[in-house]
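Q: Provided below for reference: sequence and predicted model.
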Amino acid sequence: MKVVGTILLVLGLVGTIIFGIQAIQDSESLNILGLDIAVSKANWTPLIVSVAVLVIGAVMARSGKK
């Protein structure tokens, strides 16, 4: 269980970094009446799933059997 948790933890961390950078890059900035407004057109689902896998992996790695 601990090995599976560690693998999920690493995969979740990598996915969170990759999809997080991609989501940040998929935003546009508009300047309307002197206000800088950022509009995101990113798909947040992969990032949310990656964070969930990261959390599940951390819980499994911490409390799992050897």
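A: Good, I have the coordinates.
Q: any idea which helix is longest in this protein?
A: helix 2-25 (DSSP state H).
Q: for the record, mean pLDDT for it?
A: Mean per-residue pLDDT for helix 2-25: 94.
Q: Which residues are in contact with the residue nearest in space to the middle of the chain?
A: Nearest to the mean C-alpha position of the chain, by Cα atoms, centre = their mean, lies Thr16 at 2.9 Å. Taking Cβ atoms under 8 Å, 6 or more residues apart in numbering, we find Thr16 in contact with 47, 50-51, 54. C-beta here means a position set from N, CA and C on the backbone, and glycine is covered the same way.
Q: Now it. Nearest residue, chain neighbours left out?
A: Once flanking residues are discounted, Thr16 sits nearest to Ser50: 4.4 Å by Cβ to Cβ, 6 or more residues apart in numbering.
Q: ok, Ala42 to Ala23 distance?
A: To Ala23, Ala42 is 4 Å away according to Cβ to Cβ, to the nearest Å.
Q: got it, and Ile37?
A: 17 Å.
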